[in-house]
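1. Sequence and computational prediction follow.
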Amino acid sequence: MRPYLLYKAPALVLALCVLLLSACERQSGLKLEGMQGTALWHVTLTDPPADVAPETLQAGLEQAMATSAKRIASWDKDSEISRFNQYQEAGWFPVSAELAELVSMTLQLSKQSNGVYDVTIAPLIKLWGFASHDAAKDVVPSQADIDAVLAKVGYQKLQVRLDPPALRKTQADLQVELASVADGFAADQAGLYLESLGVRQYMVEVAGEVRARGKSPRGDAWRIAIEKPQEEGRAIQQGVHLEDMGLATSGDYRNFFIQGGKRYSHTIDPASGYPVTHNLASVSVLADTAALADGYATVLMALGEIKGKPFAEQHGVSAYFIWRKQDAFETYATPGFAAYF
């Protein structure tokens, strides 16, 4: 199995009430929203704490989002992950427990997928012009440039220690990019902040990635819509009902360029250094946390519909695939995912 990494596309999951206004009109609860970097977030609390003012909740959520970015945003030269990327020594580099746990999760996914998921592919992503906060180049790199960058890639060169939390690299110029799980991680951290206040029923959505706990203000499960992966306009492909889980979607149709009549996706194969080619347009995953759902969605999107479906079934991943077939879409849901339709 060849290794891949997906650099996350713009969000493909929409809160159902964004698209179905009539359903929203029947909801109550407290709704908050904001921006963290370029990511828009929404939070709904079914039973907001009576002793915490909405302004305090807003400020606390903004702080949780900002702290998440300070841990993992590679575009921030002062973030934890950026400082580790700049670190040239062979010893352990101390980090927060949250970052160590997230990197540990990504390395577990790398091993489980035989390298399909690899967060050390940052130099290749940048070379192709898909790096976060970089302007797209729309230029196919030379083979010489690709070969030079490939020597800097490999998740086996990255190590993590949980106690005390630290990261270590076995190659000085190794770079780590966590954009593929950033939105799910932020949603989880915001949810943990709410839970620290005693909030047990809420929905956090960050750039389309969702963490839901308890019941919605209607008294039933949270209703979330998965967007149809079309390049023009926005429409619902499938609705799901969530309780006490995370949902994430990855796709390829809003982050690509065309050169010489050929489409180049942001999904890069670090074995060859070139974008992968398959017909999978998007894949959604349910998991215990939004970050884990984010990671598995990345793995499956990189594998494509043919290899992704047996991987999901073998590893018990609840997933929903949408792939292109001529001028239409075909879909497949694992039994674990279909149970939430």
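-> Structure's in. What do you need?

2. Next, work out how far apart the closest residue to Asp288 other than its chain neighbours and Gln189 are.
-> What sits nearest to Asp288 in space, not counting adjacent residues and going by CB to CB, 6 or more residues apart in numbering, is Met245, at 6.3 Å. For every residue, glycine as well, the C-beta is placed using N, CA and C. Per CB to CB, to the nearest Å, Met245 is found 16 Å from Gln189.

3. now do Ser28
-> On the measure of CB to CB, Ser28 and Gln189 end up 26 Å apart.

4. So those two - more neighbours on which side?
-> Neighbour count, other CB atoms under 10 Å: between Ser28 and Gln189, Gln189 has more, with 24 against 11.

5. Wasn't the more buried one part of a helix?
-> Yes - the assignment for Gln189 (DSSP: H, G, I helix; E, B strand; the rest coil) places it in a helix.

6. Report the contact partners of it.
-> 64-65, 67-68, 98 (CB atoms under 8 Å, 6 or more residues apart in numbering).

7. Scan these and report the most crowded one.
-> Ser68 leads those on contacts (other CB under 10 Å) with 25 neighbours.

8. isn't it right up against Val181?
-> No - look at Ser68 against Val181 with CB atoms under 8 Å: they stay out of range, at 10.7 Å.

9. So in terms of bridging, what pairs with the residue nearest to Asp288?
-> Here Met245 shows beta-bridge partners Ala212, assigned using DSSP bridges.

10. Please work out how many residues are found near it.
-> 20.

11. How far off centre is whichever helix in the chain runs longest?
-> Longest among the helix segments of the chain by residue count, using DSSP state H, is helix 290-314. Centre-to-centre, helix 290-314 and its host chain are 12 Å apart (CA atoms, centre = their mean, to the nearest Å).

12. Can you point out the buried residues in that helix?
-> 290-305, 307-309, 311-312 (16 or more other CB atoms under 10 Å).

13. and that helix, what does it pack onto?
-> With contacts defined as 3 or more CB pairs under 8 Å, 6 or more residues apart in numbering; DSSP states H and E, the secondary structure elements packing on helix 290-314 are strand 5-6, helix 97-112, helix 179-196, strand 209-213, strand 245-251, strand 280-287, strand 318-325.

14. Could I get the average pLDDT for it?
-> For helix 290-314, mean pLDDT is 95.

15. ends of stretch 146-154, how far apart?
-> End-to-end distance of stretch 146-154: 14 Å, with CA to CA, to the nearest Å as the criterion.

16. Provide the contact partners of that stretch at residue level.
-> 118, 120-121, 123-124, 127, 171, 173-175, 270, 273-274.

17. Now that stretch: buried residues?
-> Residues of stretch 146-154 classed as buried: 146, 149-150, 152-154 (neighbour count, 16+ other CB under 10 Å).

18. any chance of these in TSV, with pLDDT too?
-> Formatted as TSV, those follow (pLDDT from 0 to 100):
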residue	pLDDT
Ile146	92
Val149	90
Leu150	88
Lys152	92
Val153	92
Gly154	94
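
19. ok, the closest residue to Gln36 other than its chain neighbours - contacts?
-> Spatially, and ignoring its direct neighbours in sequence, Gln36 is nearest to Met65 (3.9 Å; CB to CB, 6+ apart). Contact analysis of Met65 by CB under 8 Å, 6+ apart lists 34, 36, 39, 41, 186, 189-190, 206.
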